[in-house]
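Novice: kindly return the folded structure for what I paste below:
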Amino acid sequence: MGFNLRNAILANVKGSSEQDVEATITDAINSGEEKMLPGLGVLMEIYWKTANEQQKDQLCQQISQGLR
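Specialist: Purely as a prediction, here's the structure:
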């Protein structure tokens, strides 16, 4: 039986409030631990799947500017 990391992360954050999500993101970034990256990736996936094209374009623009 395989372990599905995505499902485990989703189960862990299910029902989180906006404040909980912000705290999760902030903690993950501030900790600097690589083990937090999959969780951030799953949150990014959730955002991407629910964002409209304008939001996606804006996010990509912000990320590309941050990479300069």
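
Novice: identify the residue spatially nearest to the residue nearest to the spatial centre of the chain, adjacent ones excluded.
Specialist: With distances taken as C-alpha atoms, centre = their mean, the residue of the chain nearest its centroid is Leu43 (2.5 Å). On the basis of C-beta to C-beta, 6 or more residues apart in numbering, the spatially nearest residue to Leu43 that is not a chain neighbour turns out to be Ile25, at 6.7 Å. Where C-beta positions appear, they are placed from N, C-alpha and C, glycine not excepted.

Novice: buried residues in the helix or strand harbouring that neighbour?
Specialist: Taking DSSP states H and E as the definition, one finds Ile25 inside helix 18-31. Of the residues in helix 18-31, those scored as buried under the neighbour-count criterion (16 or more other C-beta atoms under 10 Å) are Thr24, Ala28.

Novice: could you show me where the helices are in the protein, in order?
Specialist: Taking DSSP state H as the test, the helices found in the chain are 5-13, 18-31, 37-50, 53-66.

Novice: the first one: how far from the chain's middle?
Specialist: What separates the centre of helix 5-13 from the centre of its chain is 12 Å, taken as C-alpha atoms, centre = their mean, to the nearest Å.
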